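>>> Build me a model from this:
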Amino acid sequence: MSNQGARRNGPVKLRLTVLCAKNLAKKDFFRLPDPFAKVVVDGSGQCHSTDTVRNTLDPKWNQHYDLYIGKADSITISVWNHKKIHKKQGAGFLGCVRLLSNTINRLKDTGCKDNDITGVLDHTFCVEHNAYGEIIPHELKPNGKTIPVTEDTKKEYVRLYVNWRFLHGIEAQFLALQKGFNEVIPQHLLKAFDEKELELIVCGLGKIDIADWKSNTRLKHCTPDSNIVKWFWKAVESFDEERRARLLQFVTGSSRVPLQGFKALQGAAGPRLFTIHQIDANTNNLPKAHTCFNRIDIPPYESYDKLYDKLLTAIEETCGFAVE
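Take a look at the predicted model:
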């Protein structure tokens, strides 16, 4: 974990590297798991998942994530078996570790020079990167694969690795991305914005405002006093930021809100408000989403608990689409 700097009076930006897991428990007698790691900044809505590694108890990821960490935030890193996560809630769990806020504060207040790596890291001056599914080694210096990283050479390793990772290692991909991006949006139009303003314009708001969501929601075949509507908002209010984002993505196709708020949600043919539609259907069915219309169809469930369970199943354990 490295400290990338802080916003004034705001969260600190940290780069977290998920390297690997070792000796995962084999919970299926006949098959090895397909593990992936999930990184969550608790309560902030920030969630990242690594690639899935096939059939192993010792996965290697070496993937990096930029996180914005508040003073009281904690980080949970959990490992899951991709073969089983869709079967039922909680299925496929292989283990987790949680970094509490006081631990994170200690980590970000120390640097490379304060931590002796002797006996901790077993690295050489050779790193790996994933190129379209193929793992390719890269030597950071001549004969790097035979040169171990020691306490005396760790600063050189960090300098060479960062230089390669952020400059030379992605140069071809970045130039291709830049060329394509500038074909869509000419570069001179972007000069008025800094990186944070551009992120807001492209990605929208990261935090979901429930009051704004409610005030810009259309109701179809139901009213604000209908049980389905009241229970729906009760469920939304009980969700954490991650589940609210999952619900929003389930219904609209995007986990983020436009910069102008929910009133600016777009459908297939232009602006279209989020819509709750009560349908006449069997209450054993799950809610169904129409992402082209930002609409969720909800059967007339008999209780709040049933609506909550069905909604949770729909947003966490289903995938795919159909054309009507």
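>>> For the stretch 151-300 of the chain, give me the ranges with low pLDDT.
Low-confidence segments of the stretch 151-300 of the chain, defined by pLDDT under 70: 204.
>>> Could you pull out the helices in it for me?
Ranges of helices in the stretch 151-300 of the chain, per DSSP state H, counting those that start in this stretch, are 154-163, 171-184, 195-203, 210-215, 227-238, 241-252.
>>> Pick the most buried one from these.
Comparing these by mean neighbour count (mean count of other Cβ atoms under 10 Å), helix 241-252 comes out on top with a mean of 20. C-beta: built from backbone N, CA, C; applies to glycine.
>>> Other residues contacting it?
Helix 241-252 is contacted by residues 40, 43-45, 47, 207-208, 210, 236, 239, 254-257, 265, 274, 289, 291, 294-296, 311-312, 314-316, 318 when judged by Cβ atoms under 8 Å, 6 or more residues apart in numbering.
>>> Show only the entries of those residues found in strands.
In this view, those that belong to strands under DSSP state E are 40, 47, 274, 289, 295-296.
>>> Scan those and report the most crowded one.
Of all those, Ile296 has the most neighbours under the rule other Cβ atoms under 10 Å, reaching 24 neighbours.
>>> can you pull up the bridge partners for that one?
Ile276, Ala289 (DSSP bridges).
>>> Secondary structure element for Asn130, which one?
strand 126-131 (DSSP states H and E).
>>> Run through the neighbouring helices and strands of that strand.
The contact analysis (3 or more Cβ pairs under 8 Å, 6 or more residues apart in numbering; DSSP states H and E) places strand 126-131 against strand 60-69, strand 134-139.
>>> swap the cut-off to 10 Å and go again
Using 3 or more Cβ pairs under 10 Å, 6 or more residues apart in numbering; DSSP states H and E, the elements in contact with strand 126-131 are strand 60-69, strand 134-139, helix 154-163.
>>> Mind listing what's buried along it?
Across strand 126-131, burial judged by 16 or more other Cβ atoms under 10 Å covers 126-127.
>>> between that strand and strand 60-69, how many degrees?
80 degrees (axes from the mean of the first three to the mean of the last three Cα atoms, to 10 degrees).
>>> okay, now the closest residue to Lys83 other than its chain neighbours: neighbour count?
Residue nearest to Lys83 in three dimensions, not counting chain neighbours: Asp34, with 5.1 Å by Cβ to Cβ, 6 or more residues apart in numbering. By the criterion of other Cβ under 10 Å, Asp34 has 18 neighbours.
>>> for Asp34, phi and psi?
For Asp34, the backbone dihedrals (degrees, to the nearest 10) come out as phi -110, psi 80.
>>> Per-residue pLDDT of it, please?
Note on Asp34: pLDDT of 87.
>>> got a list of what it touches?
Neighbour list for Asp34: 52-56, 59, 80-85, 92 [criterion: Cβ atoms under 10 Å, 6 or more residues apart in numbering].
>>> among those residues, which ones are buried?
Buried members of those, scored by 16+ other Cβ under 10 Å, are 52-53, 59, 80-85, 92.
>>> how about TSV for those, with distance to Ile228, secondary structure and pLDDT added?
Formatted as TSV, those follow (distance: Cβ to Cβ, whole Å; DSSP: H, G, I helix; E, B strand; the rest coil; pLDDT from 0 to 100):
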residue	distance to Ile228	secondary structure	pLDDT
Thr52	36	coil	89
Val53	42	coil	89
Pro59	42	coil	89
Trp80	32	strand	88
Asn81	35	strand	87
His82	33	coil	85
Lys83	35	coil	81
Lys84	32	coil	80
Ile85	28	coil	75
Gly92	31	coil	81
